[in-house]
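**Student:** Mind looking at a prediction? Sequence and model below.
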Amino acid sequence: MGEMADGELVQLLTPEGELTEHPEYALSLTSDEYRDLYRDLVMVRRIDAEATALQRQGELGIWASLLGQEAAQVGAGRAMRQQDMAFPTYREHGVGYCRGVDPLRALGLFRGVDLGAWDPREHNFHLYTIVIGAQCLHATGYAMGIARDGKVGGDDGEAVIAFLGDGATSQGDVNEAFIFASVFAAPVVFFCQNNQYAISEPLERQTRIPLYKRAAGFGFPGVRVDGNDVLATLAVTRKALDDARAGQGPTFIEAYTYRMGAHTTSDDPTRYRIASEVEAWKLKDPIARLKSFLIRHEHADPEFFAGVESEADELAAYVRSGCLAMPEPAHSTLFDHVYAEGSAEIDAQRASFTRYQASFADGGVR
Amino acid sequence: MGEMADGELVQLLTPEGELTEHPEYALSLTSDEYRDLYRDLVMVRRIDAEATALQRQGELGIWASLLGQEAAQVGAGRAMRQQDMAFPTYREHGVGYCRGVDPLRALGLFRGVDLGAWDPREHNFHLYTIVIGAQCLHATGYAMGIARDGKVGGDDGEAVIAFLGDGATSQGDVNEAFIFASVFAAPVVFFCQNNQYAISEPLERQTRIPLYKRAAGFGFPGVRVDGNDVLATLAVTRKALDDARAGQGPTFIEAYTYRMGAHTTSDDPTRYRIASEVEAWKLKDPIARLKSFLIRHEHADPEFFAGVESEADELAAYVRSGCLAMPEPAHSTLFDHVYAEGSAEIDAQRASFTRYQASFADGGVR
Amino acid sequence: MPTMTLAKALNAGLRKAMEEDPKVLMMGEDVGKLGGVFRVTDGLQKDFGEDRVIDTPLAESGILGTAIGLAMRGYRPICEIQFDGFVYPAYDQIVSQLAKMHYRSQGKIRLPVVVRIPFGGGIGAVEHHSESPEAYFAHTAGLKVVACSNPADGYTMIQQAIRSDDPIIFFEPKRRYWEKAEVAEAPDDDWYPLHRSRTVAAGTDCTVVAYGPMVKTALEAAAAAHGERSLEVIDLRTLSPLDLDPVYESVSRTHRLVVVHEAPGNLGLGSEIAARVTERCFYDLEAPVLRVAGYDTPYPPARLEEEYLPDLDRVLDAVDRSFAF
Amino acid sequence: MPTMTLAKALNAGLRKAMEEDPKVLMMGEDVGKLGGVFRVTDGLQKDFGEDRVIDTPLAESGILGTAIGLAMRGYRPICEIQFDGFVYPAYDQIVSQLAKMHYRSQGKIRLPVVVRIPFGGGIGAVEHHSESPEAYFAHTAGLKVVACSNPADGYTMIQQAIRSDDPIIFFEPKRRYWEKAEVAEAPDDDWYPLHRSRTVAAGTDCTVVAYGPMVKTALEAAAAAHGERSLEVIDLRTLSPLDLDPVYESVSRTHRLVVVHEAPGNLGLGSEIAARVTERCFYDLEAPVLRVAGYDTPYPPARLEEEYLPDLDRVLDAVDRSFAF
Ligand SMILES: Cc1ncc(C[n+]2csc(CCOP(=O)(O)OP(=O)(O)O)c2C)c(N)n1
Ligand SMILES: Cc1ncc(C[n+]2csc(CCOP(=O)(O)OP(=O)(O)O)c2C)c(N)n1
Ligand SMILES: [Mg+2]
Ligand SMILES: [Mg+2]
């Protein structure tokens, strides 16, 4: 495990930054588009780095870093059309960025001020899901709804992309999602970032064969793409979403990548993996790779890179100051939105809570 | 769906009762062995018929008939060695018969006098499992235990066979069982009787491609066998169990068959399937097929068949009288065996129940 | 409308809801061609099509999880769980996803999903077919839980549940499916609210609270006691949030309360009702609240279920014990 | 043995059980090399090997289901559920399989499976990491449910649970993992029985019952009230079956009872305790049993958990309210 047969993997850009050809997937972008992807990668990494720093300084309770997975997320995020819907795990900050979610909104959950504060409909980007695999069924159901709405097979086609990790493939819910998606030919793409670990557990605790092969047994295609290659990820995901919108049903994409950092800021990966493995993956860094390409093929000049850097600095500063300025949730919001149509019981509990809290304000020492 | 490509299916005996060859699976039996299999099929069908009759007469609350699936069950049951362990659903009366479980014991659950009364260890045949799919994980765990006990790869190898239906393949638990079995190379055979229906739902509500193909995506072999061919089923299952005992890990077997009767006696299949389909499958009857073979190739004479008939009559009479004679469970057994180590709370409830019941015996009209 | 069985009344209610709102979907195992194992969805697929009455793969978590996704897309799915004992594979989707979504999204996502569960025993079934899992859901914040007890309520409550923007676990007393009663077709605003308990027999000596299948049992007990003792029977109807005002009021008059349910007593609905009523009516009660419930054992073989399940005699015995205090 | 944290005490208890019985296995997500996210299984895989400390696929139902199979084969598996909120995918295997097997097999199959669940809030975690699901299991006949509250109990109770032939849901108060106390290495027969409650502070004015993380809170309340009011604190320890004899005895002296837990109040353990104590001690009680519990909302964002969770002040407030009755 961990090593793959060459040829299995869709790659369009080598780790050295050279374009390669693939018989099934082609992508030709303008310089602008290449540069935009580069900018995305840098921004996404910077947001992540800033959040990690904020956690270290006690401003976030925890943070799930995407370091190393930027290309997979930006490739997938940019493959989506406006009308497509994404169902993320807790790590898809990069996809959220592509969907126009203010990075500050993504911090709320980790800071502990809310449980997800953006409007999923505004961005077509659902709230984070922490229970492993559960979102794959939601995505499938949503996609079934798209089909029922007649939004497949025509010009107004819509598709769904469900994100999941390599560990998640072991959950019953994920396999049930494959079944529902297949049986109902739902327009959904299962985008699995195989970052080689589920917390401490290496991939061989979840499977004995490459993950992308799982899909065939459920009756739909599985593709393994180099998840550190933003071009290949973009091309493969675009094709899968196009197929879904066209009414071809689901595709499973295994984006082969690596979690460069800890599982979350609470984790200590030195307990379960060796430094040399991390070093080896550094050579496949998704940003360095695209940068080499941009430079070699003169898609970008030093000014461009400097500009991106300073843009990233600004974004980081925005994230930092915005995080520190996030208002604390008002105590009584504890009781808000338990039910859409309210409940006398919750109202009563809120009232007694308010009275109780007021009893302190009254200066009463209990 | 429903139609399969020829060649996919392992068959050793045609519906007309002629032997055919299969490149991978061969079986050569003595006349005695052929006759024994025939006897098994007839006994199993007769037990089933009698139980169905008993239900109609109100002696059983419900019955799940195996009519049409005799060959699949006898083939699998006879493929097992003494030391192998079976985990049935609620329909494997035929396997239970092969494992030496008194058919009366299997009736208890359906009569409502117990929840499974045989000793699973005595017969290496676990209690029936009604919650779809749950037993596949038990079987896998049991098989993991076999491996831990060092009972694979040597002469004292043991294996497990888990029974499941076509509908069951959609359950998360079943797919998780595939994953655990594969990852831990557990000596377990998943024996799926694809009888084309999950109650009223035809196979295409569970899958778009043949079920046996599911296994490959989990990293172990899947085979489709003619489940109405007892010889093929025996050969395929024997091979799979041998592989498991030898430490080769799991196999998935799809026994392609048909549920000739209703799902259970509570069901009305005329609501969801057409008579012609049933008629077509009648031509593939597993017993008629073996009988033609036995006659044509002179493995058995009319006496033999007459003997089997009268043996079956005796068995049916035994089942009938035994069922009617089954003792009602004593009321206080309600409180038995809730805990292995007891509970003061249950003791107290039993005591108050006994007092309460005694208050009626005292002639008190309440 | 005529006299009809509970199963028919539910069917009529589902049909009406599907006619009124094209976003209403029915999904589950065998709900289509077969019309459900209890025929509650009989004829719906024929009339509304396979896109609206969906035979799903055999996977309860899948049913609930995809229903959540469909609800996010604007649909109003009704999930049928075939029997009470088969809801547990969907537990995570119900408890961690369905129940919490409105709260965590600060009201931005509404999940108007109804989960229909035939529940309770008394039909001589095999194991896992006679469970009473309502407390598992009532303890879960974010869910609303109701139980109907008769055809008239079945007809209206299912429609109200479908119209509600909250997720609702809808319990149907399977052993009452075949019992008939008058069902009135009422204009909406005359309907009794979904989340209200209702006094179904007036009395003065002792209050008896029940829900689902046990309402009939409680009424039978009241009839049997008639002349000797006057029992007031309250049909709880809403199991979460509870509506105990009618109970408090009743207990303030009767001074005694017996709660009846099939589910095991330990941490059953009866415990919560006892705790609350005692807190509210502490000085009114002349005896502790007594509970008549299933024992704290797994559901027994069918031939023992008569002993396991509360019946008229056990209700009257509890009333006696209340008076003996 | 020295002073140690609860996490270390549990680790020592697990280690001892594994040394004593080669059939004891540990299984779960990240329990091997990592030693569990709370390090409760730290070092066990190194010392007992990968065959006895098993990193499983990421599937809780799979963990429980295979543990059941392993138990049928003669093993004594201990399953770790990583956090409280992740036990629900395994709910069916626990409630329909693990809990019922001994009963349905008429005692022929014993399933000595321990399910360890770090539970409760107060650590500033994200959603699904601070749940208190104990009532879901305590309502389930066939399971035994316990909660430890301190290192000494952690060390002994985990060993007793592993030795028990019944399936046990073992709750560990995660926010107390890092708190230290003396742990005594005692000969077996001196050990306090697993299924017994224990009075941890004597008092005369009001009884306070708590378990798991709230025991410390109750003790702090007792200390804070000291001089003014004398609180008797009982650590429940066994959540099912309940052992309420010490509570009845205490209430017969104090005449007042407050029950404290983090789980939502509605159908929480407090409701059952209130119902039973009122039934048994009806004439002893000078006030209704009062409950201090989490509110009936989903677990809130971390920055609101201080408001959500019972604390010393809320306990004292309830004591005040009891006296005001
Ligand atoms: C049902 C469930 N079980 C356990 C967890 C705890 N947990 C959080 S992340 C994680 C590992 C997930 O691995 P993977 O799917 O590969 O995603 P990655 O974190 O690597 O992106 C685990 C076990 C959880 N969140 N949900
Ligand atoms: C978890 C669960 N859901 C639903 C049921 C109700 N049920 C009993 S049998 C059955 C169909 C099973 O079909 P299949 O697996 O093909 O087995 P077959 O009955 O055809 O042998 C269903 C839905 C159940 N027993 N368990
Ligand atoms: Mg991973
Ligand atoms: Mg079938």
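**Tutor:** Sure thing, it's come through. Residues are numbered from 1 along each chain as shown, chains lettered A, B, ... in the order given. Ligands and ions are numbered 1, 2, ... in the order given.

**Student:** Count the neighbours of the spatially closest residue to A:Pro221 that is not a sequence neighbour for me.
**Tutor:** Leaving aside its chain neighbours, A:Pro221 sits nearest to A:Thr251 (5.3 Å; criterion: Cβ to Cβ, 6 or more residues apart in numbering or on different chains). Yep, even glycine has a C-beta here, placed from its N, CA and C like the rest. For A:Thr251, the number of neighbouring residues by other Cβ atoms under 10 Å in any protein chain shown comes to 27.

**Student:** any idea of the pLDDT on the residue nearest the centre of chain A?
**Tutor:** Ranked by distance to the mean C-alpha position of chain A (Cα atoms, centre = their mean), the top residue is A:Glu92 at 2.1 Å. Note on A:Glu92: pLDDT of 98.

**Student:** so the residue nearest to A:Pro221 touches A:Arg238, yeah?
**Tutor:** No. Contact criterion Cβ atoms under 8 Å: A:Thr251 and A:Arg238 do not qualify, at 11.1 Å.

**Student:** Could you work out the end-to-end span of stretch C:182-200 for me?
**Tutor:** Taking Cα to Cα, to the nearest Å, stretch C:182-200 runs 15 Å from one end to the other.

**Student:** now swap in stretch C:162-172 and tell me
**Tutor:** End-to-end distance (Cα to Cα), stretch C:162-172: 15 Å.

**Student:** Run the contact check for it versus chain A.
**Tutor:** Yes. Applying Cβ under 8 Å from any Cβ of the partner chain, one finds stretch C:162-172 in contact with chain A at C:164-166.

**Student:** Select only the buried ones of those residues in PyMOL?
**Tutor:** Those of these that count as buried under 16 or more other Cβ atoms under 10 Å in any protein chain shown are selected in PyMOL with:
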select buried, chain C and resi 164+166
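
**Student:** hmm, back to that, and the residue lying closest to the residue nearest to the centre of chain A once chain neighbours are set aside, what does it touch?
**Tutor:** Nearest residue to A:Glu92 in three dimensions, chain neighbours excluded: A:Phe163, at 5.2 Å (Cβ to Cβ, 6+ apart). By Cβ atoms under 8 Å, 6 or more residues apart in numbering or on different chains, the contact list for A:Phe163 reads A:76, A:86-89, A:91-92, A:95, A:135, A:191-193.

**Student:** Report the secondary structure state of A:Phe163.
**Tutor:** strand (DSSP: H, G, I helix; E, B strand; the rest coil).

**Student:** show me what contacts residue 165?
**Tutor:** You didn't pick a chain, so chain A it is. Contacts of A:Gly165 by Cβ under 8 Å, 6+ apart are A:89, A:91, A:132, A:192-195, A:198.

**Student:** Please refer instead to chain C.
**Tutor:** By Cβ under 8 Å, 6+ apart, the neighbours of C:Asp165 are A:340-341, C:110, C:112.

**Student:** Just the buried ones from the residues you listed?
**Tutor:** Here, 16+ other Cβ under 10 Å leaves A:340, C:110, C:112 buried among those.

**Student:** so which of those residues comes closest to ligand 2?
**Tutor:** C:Pro112 (24.0 Å; Cβ to the nearest ligand atom).

**Student:** check contacts around that closest one.
**Tutor:** Here C:Pro112 is in contact with A:340, C:71, C:76, C:162-167 (Cβ under 8 Å, 6+ apart).

**Student:** In helices, which of the residues you listed appear?
**Tutor:** Per DSSP state H, helices hold the following members of these: C:71, C:162-163.

**Student:** Also near chain D: which of these, exactly?
**Tutor:** Filtered for proximity to chain D (Cβ under 8 Å from any Cβ), the ones in helices among the contacts of C:Pro112 leave an empty set.

**Student:** Same list, these, but as CSV with neighbour count, distance to D:Ile234 and pLDDT please.
**Tutor:** As requested, the ones in helices among the contacts of C:Pro112 are exported to CSV (neighbours: other Cβ atoms under 10 Å in any protein chain shown; distance: Cβ to Cβ, whole Å; pLDDT from 0 to 100):
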residue, neighbour count, distance to D:Ile234, pLDDT
C:Ala71, 26, 45, 98
C:Ile162, 25, 46, 98
C:Arg163, 18, 47, 97
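
**Student:** Pick the one among the residues you listed closest to chain A.
**Tutor:** C:Ala71 (7.7 Å; Cβ to the nearest Cβ).

**Student:** show me the contacts for that closest one.
**Tutor:** A:141, C:77, C:110-113.

**Student:** In those, find the pair that's most separated.
**Tutor:** Of all pairs drawn from those, the one with the longest distance (Cβ to Cβ) is A:Gly141 and C:Arg110, at 14.7 Å.

**Student:** What about the residue in the stretch 151-300 of chain C positioned nearest to ligand 2, how many residues nearby?
**Tutor:** Taking Cβ to the nearest ligand atom, ligand 2 has its nearest neighbour within the stretch 151-300 of chain C at C:Lys174, 13.4 Å off. By other Cβ under 10 Å, 26 other residues sit near C:Lys174.

**Student:** didn't it look like it was pressed against C:Pro118?
**Tutor:** Yes. Counting by Cβ under 8 Å, C:Lys174 does reach C:Pro118; the two are 3.9 Å apart.

**Student:** which residues do these two both contact?
**Tutor:** If you check C:Lys174 and C:Pro118 against Cβ under 8 Å, 6+ apart, the residues they both contact are C:38, C:83.

**Student:** Do a quick rundown of the strands in chain C.
**Tutor:** Secondary structure of chain C (DSSP state E): strands at C:3-5, C:24-28, C:53-55, C:76-80, C:114-119, C:144-147, C:168-173, C:180-182, C:198-201, C:206-210, C:231-235, C:238-240, C:257-264, C:290-294.

**Student:** Many thanks, we can stop here.
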